[in-house]
Each structure stands twice: as C-alpha cells, then as structure tokens.
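Chemist: fold the following for me, if possible:
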Amino acid sequence: MATLSSANHVPKYIQLKELLEQQIDDGVWSPGEKIPSEAELQQMFGISRTTVRLAIKELIVEQKLVTVQGRGTFVVEPKVENTLPELTSFTEDIQEKGFQPGSTVLSVTREQASDSVRKALQMEEDGEVLKLARLRTIDGAPVGLHVAYLNTALLRGKTDLSIAENESLYSVLERDHGLKICDAQETIEALPADAYRSTLLEVPEGFPLLHLRRITYLESGEPVEYVKMWYRADRYRYSVKLRRNKQNN
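Modeler: Numbers count the residues shown, from 1 in each chain. You can find the predicted model right below:
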C-alpha cells in the first residue's frame, strides 16, 4: 500500500482518504467487506488517530464507507443506477442490473383522491383512487418505499388490485387491466428520512433519501398512476444522458 508524504502540501487525512478511496474503487476491499481498524491504519501509516478518523468520516459522508457500532467500518454496497430517460419498473430495472428485486405490500386501500393526487391524475373532484404502498428491496435489503395512487376510472371496471409479492405493478396493469404504459414525468429531490421512513428503510432519522414523484401516462395520454417514491441515497442513484443541440453553438 502507498505511503503518505509529509512534504506534500495536501493534509495527511486527505491523502489517506484518497488512498482508501482508491483501494475501494480498485476492488481491494469488496462491498460489505470490513476495512482495517482505526488502530491498524494508525500503525500502518504512522499517523494519529485523529487523522484516521477525519479520513474515514469524509468517506462515510461520501457514502463510500459505513460504520456499524461494535463491529467496525465496512465498504458500502454498490448503488443501483437508473438511467434516464428510460421508463422501467423497479422490478425490471433491478433485474437488468443483475440484482434480486423484492417487494412487500404494506397496504392496498380505496379512498377519495386528495387535491394533489386529483390534480396529478386530472380527475373529477369526487374521483376515487386505489392506494398501493410497498416496501422495495434489493437482495433482501430495504432500499425504497413506493406509494402509488391509481385512477380507478381507468381500471377497466375492476375496482380491486391483485398484486403478488415481488410482482411488477406495470405488468399487472397490462395483464389484468389491459393498460399499456407509455411514458412518465418525474421529479427528483433530496429529503431527510423521518421517523416512519427511517424505520422502514432501516436508516437513522435524517438520513438522506432521494424523493421521486412520477406521473405515469397511457398511450392515450391519460395519467393512470401518481407515485411517490423514497430511496436510500446510499443504495440508489440516477444517471441522465445529455445531448448538446449543435444548432445552439
């Protein structure tokens, strides 16, 4: 392993941070693997524990490492990346990346649409929706919470929703209700985890989450689904493909 330089103008904790980060990126330590302890790193590089702790703290903030009380510091699991502007279900997206998607149905209820849901789905004031709440997992670990609202008027006369654990909602809508999903409009923002979501997603309160809101449209242009999603920011990320318009040089 490389050494730290006293002559280098870069602080030693930054040098150590960059060195550890390189080891992670190079696969020297695999996801989920424990890295050397603070005492071991202190002895390996002849530096103070404060320097080691600062370097590790930086990598924890950047979600490269995670500390488990009483067990040590571990390399975080890789983030699943969803590339925009492709519209896929969670199940399809995770399977494509080579992971095992999972889903636990928390509740399915029929209720009057709130103002925000009614506006998103372009419904009448007395319209009803089916509300589906699910906990989403990757390889058994909780990573997301989905709360979907479906316009019952578009469900081809079927007022219930039969969805199995680990089943794609889009597949159910196409198979059981004859609905063809076409496109969607999505917004993304960062939010801290509240007490409820921190419990479900097994993270501390205040943990960074990606909050997505999506309106899904049929081929006819009618909005059929309004869904709110919360993902652990340490396990999920979005990538956007951009193309420059050469006419605007």
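
Chemist: can you give the domain ranges for the chain?
Modeler: Per the record, the chain has its domains at 12-75, 80-240, by automatic domain parsing.

Chemist: tell me which of those approaches residue 5 most closely.
Modeler: Within the domains of the chain, the stretch nearest residue 5 is domain 12-75; the backing value is 6.9 Å (C-beta to C-beta). Placement of C-beta: from N, CA and C, glycine included.

Chemist: tell me which of the domains of the chain lies nearest to residue 3.
Modeler: Nearest of the domains of the chain (C-beta to C-beta): domain 12-75, 7.1 Å.

Chemist: show me where the chain dips below the pLDDT cut-off.
Modeler: For the chain, the stretches with pLDDT under 70 are 1-2, 7-8, 78-89, 91-95, 97, 156-160, 240-249.

Chemist: helices along that one, start to end?
Modeler: 12-25, 38-45, 49-61, 90-96, 115-121, 169-177, 195-201 (DSSP state H).

Chemist: format those as CSV; extra columns: mean neighbour count.
Modeler: Output for the helices of the chain, formatted as CSV (neighbours: other C-beta atoms under 10 Å):
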stretch, mean neighbour count
helix 12-25, 18
helix 38-45, 15
helix 49-61, 17
helix 90-96, 18
helix 115-121, 16
helix 169-177, 17
helix 195-201, 15
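
Chemist: closest one to residue 212 among these?
Modeler: helix 90-96 (10.8 Å).

Chemist: still on that earlier bit, which one, of the domains of the chain, ends up nearest to residue 4?
Modeler: That would be domain 12-75 among the domains of the chain, by C-beta to C-beta, at 4.7 Å.

Chemist: compute the first-to-last residue distance for the closest one.
Modeler: The first and last residues of domain 12-75 sit 21 Å apart, counting by C-alpha to C-alpha, to the nearest Å.

Chemist: going forward, the N-terminal residue is numbered 270.
Modeler: Renumbered: residue one is now 270, and that last one reads domain 281-344.

Chemist: how about the helices of the chain in JSON lines, adding distance to residue 407?
Modeler: Shown next, in JSON lines, are those (distance: least, C-beta to C-beta, whole Å):
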{"stretch": "helix 281-294", "distance to residue 407": "19"}
{"stretch": "helix 307-314", "distance to residue 407": "30"}
{"stretch": "helix 318-330", "distance to residue 407": "21"}
{"stretch": "helix 359-365", "distance to residue 407": "6"}
{"stretch": "helix 384-390", "distance to residue 407": "27"}
{"stretch": "helix 438-446", "distance to residue 407": "17"}
{"stretch": "helix 464-470", "distance to residue 407": "12"}
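
Chemist: of those helices, which is nearest residue 408?
Modeler: helix 359-365 (9.0 Å).

Chemist: what's next to stretch 460-478, contact-wise?
Modeler: 404, 410-414, 459, 480, 499-503 (C-beta atoms under 8 Å, 6 or more residues apart in numbering).

Chemist: could those go into CSV alongside distance to residue 328 and neighbour count?
Modeler: Formatted as CSV, the contacts of stretch 460-478 follow (distance: C-beta to C-beta, whole Å; neighbours: other C-beta atoms under 10 Å):
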residue, distance to residue 328, neighbour count
404, 28, 16
410, 20, 13
411, 23, 18
412, 21, 25
413, 24, 25
414, 27, 22
459, 20, 9
480, 25, 17
499, 24, 22
500, 21, 25
501, 17, 24
502, 15, 18
503, 12, 18
